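Trainee: one predicted model, sequence on top.
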Amino acid sequence: MAAALSRALKLPGKKGSELGEYDPLTQADSEDESEEDDLVLNYPRNGLAAGRAGEDRGGGGPMGGAGLGVHSSDAEEKRMRMKNAVRSAFFLVPLVCATLLVLLCAFLIPCQKGELGHRPQWEKALGDAGGVTPPALALWDVNGDSVEDVFLGVTEWTNDTHPTQRNKSIAVALSAVSGRELWRKAMGEPVMYIQCGLSYSSQLSPLCLLISKSILIVVNGTSGKNLTSVQLKNIESQAVLLPDLEGDSVPDLLIATLPADEALDLSLTLISGLSGTQLGRPVPFNLTGQGKLIGPLLHETPKGAYYILFGLGNVEAISLRDIYVRATGKMPVTQALKIRDPGWEEQKKTNSSSFIHSLHHVSRGSERVDFLLPLVAGFGNNHNSLDTVSNLNSTRSDWLVVYGSSKLSVLKQRDMRKKWTFSSAPIHSQPALGHYNDDGILDLFFQHSANGIMEGQVIDGANGHLLWAAEFVCPRLVLQTSAISTSTGQSAFLFWASEPINAQRNATKTTVTEPLIRKLFLLHSAYPTILLELTSTTDTAVTSAVSYEEHQKDASYITVSSRPTTDSEPSARIVKSMSLRAAITKGQIVRLGEGNKTGAPVKPGVFEVIKFFRRLSFKHQVRKTQVDLSDAR
């Protein structure tokens, strides 16, 4: 009714174009008249219909009036169409351009990071094993894919008839993502150490050191091209990164060599970080101990004084200032060498000409030192990097010393005095440092073997108490455990062993022909009675490392192994990389202990354990300084 009344009130001369104007009365129409209302409101959408409506109402208006309405509405419609077209163009043109740009980047520009999800595992044969001596191994990202690449020193056999030329020593760089060879370099001597991480303002690419018995070569880490080299005699250690000694704002290096005088034990040689040349002459020493070479390592006292820790079966110290003065005959020019620590100077021997500080409190009598390492996260695992940040943290920490084959002690940074001591069976490999509990203090994982049994133990870094222990069939390996930081805040410990002793059922003596199966286990403190078996092999692993993949929150476990061949040829050297997250999805649960009683539910449940491990992600374990809080006051 409201619509009919509204139409009845309209004047005969009303223009058709105005029929669509808003009329409040039409809003009260019933549902039965809704279609009619729509027709009324739709009239102005067609100019021709509006003109005809005027004629039907007897509006006697000239035909020109109706034509004008038609032309006016056509022009308005064209303007609206043009306006909409312009708006669409402003939206579609940038969208099309962005799409084309994305497609161009995707198809024409190679993206190396795309390999991360496609190659969770790779294996590559490189040269000949040459026994079980660990080859030189280092990690550093040199191809820009945010994953640490693999550097390896290997020996290859050739078909040359001359016996002296049948062995070919090479240094090779491999992509940690795919195992693709980045570069290889022929060496005149076997490579003993590889260290990366040097960086200069004049060199955009990272630099690496290739250290052989008589030469130190600096190469471009990306291409392997020679940059500089220095000839030395009888190199005995890897390089130590020092603060700037010459005032050129470039860190310098120190390396241990055998002295020309056989009556002396060891020499320390300074090398310019800027030019790669030797600074002065080697500084020889007559050491008091005998045994394994310890260090050299750089230590910074709380006073800011620098000392070099080294020795043969013991730990002694000498001021870096004294080394510089004796090597160059000049007084120090940098502030780093002008600082002395009175507390350390008091420990100097009565024979002042020796310049040596003997740390007798580290080991006593016949207890020889086996390992000395800074108590920092991320140290070891073949991360022998020479970047300034990592080495700076390593020099300002407490120290861990293993001596007498079976004793571990933590030494205070302030005066190298012992905080605690733990005694065990003979320790054969360097302890791994990681966070087993949540007290924020690094704990120690180490192994010892005797009578065919290997025992793994975790020691509390705060007080030296035992946190975890388990026994296994000895895998006949001497391989350092790897500690990897996880998303939970604690570390995952990776170690090689054979079957757990208490998990064996009906154990019998194995036959001689049966190959020894070695297994890689993962331990996390959330489930101390459970191990996750990641892989097993009959190969003999000689060294290992962990390469991190930050974008994937993953890590790759890299091993270098010796694999026997079927013929008379030497054993093959096998390099293998395995994604930890991919290995966890296929891992097998191994329960430690005697097991649950008959009829009792197995706890924790399989689903709970698998869910926890599959949610684990891994991150780079940055070297963090750890000192006794009482020393900092």
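Mentor: Thanks, I have it.

Trainee: host element of residue 321?
Mentor: Under the criterion of DSSP states H and E, residue 321 resides in helix 320-328.

Trainee: got the contact list for that helix?
Mentor: Contact with helix 320-328 is made by 242-243, 245, 254, 268-270, 279-283, 298, 305-308, 330-332, 336-338, 340, 355, as judged by Cβ atoms under 8 Å, 6 or more residues apart in numbering. Quick note: C-beta positions are derived from backbone N, CA and C, even for glycine.

Trainee: residues contacting the closest residue to residue 426 other than its chain neighbours?
Mentor: Nearest non-adjacent residue to residue 426, counting by Cβ to Cβ, 6 or more residues apart in numbering: residue 405, 4.4 Å away. By Cβ under 8 Å, 6+ apart, the contact list for residue 405 reads 368, 370, 426-427.

Trainee: next one: residue 220
Mentor: Applying Cβ under 8 Å, 6+ apart, the residues near residue 220 are 203, 205, 207-208, 227.

Trainee: ditto for residue 91
Mentor: By Cβ under 8 Å, 6+ apart, residue 91 lies in contact with nothing.

Trainee: so it, which state does it fall into?
Mentor: helix (DSSP: H, G, I helix; E, B strand; the rest coil).

Trainee: tell me what the residue nearest the centre of the chain is bridged to.
Mentor: The structure's the chain has its C-alpha centroid closest to residue 548; by Cα atoms, centre = their mean the separation is 3.2 Å. Assessed by DSSP bridges, residue 548 has beta-bridge partners residue 555.

Trainee: so what pLDDT did it get?
Mentor: At residue 548, the predicted lDDT confidence score is 87.

Trainee: would you confirm that residue 465 contacts residue 459?
Mentor: Yes: shown here, residue 465 and residue 459 form a contact pair, counting by Cβ atoms under 8 Å, at 7.1 Å.

Trainee: and residue 339, that one's in a helix?
Mentor: No: applying three-state DSSP, one finds residue 339 to be coil, outside a helix.

Trainee: low-confidence stretches in the stretch 351-500 of the chain?
Mentor: The stretch 351-500 of the chain contains residues with pLDDT under 70 at 351-366, 380-383.

Trainee: which one's more surrounded, residue 465 and residue 459?
Mentor: Taking other Cβ atoms under 10 Å, residue 465 and residue 459 do not tie; residue 459 has more neighbours (24 against 10).

Trainee: what residues are bridge-paired with that one?
Mentor: Going by DSSP bridges, residue 459 forms beta bridges with residue 444, residue 466.

Trainee: could you list the low-pLDDT ranges of the stretch 1-150 of the chain?
Mentor: Ranges of the stretch 1-150 of the chain meeting pLDDT under 70: 1-72, 107-120, 130-132.

Trainee: which among the contacts of residue 405 gets closest to residue 102?
Mentor: residue 427 (56.0 Å; Cβ to Cβ).

Trainee: okay, the closest one and residue 313: tell me how far apart.
Mentor: Applying Cβ to Cβ, to the nearest Å, the value for residue 427 to residue 313 is 15 Å.

Trainee: repeat for residue 78
Mentor: Separation of residue 78 from residue 313 (Cβ to Cβ): 98 Å.

Trainee: those two: who's more crowded?
Mentor: Neighbour totals were compared for residue 78 and residue 313, and residue 313 leads with 19 against 10 (other Cβ under 10 Å).
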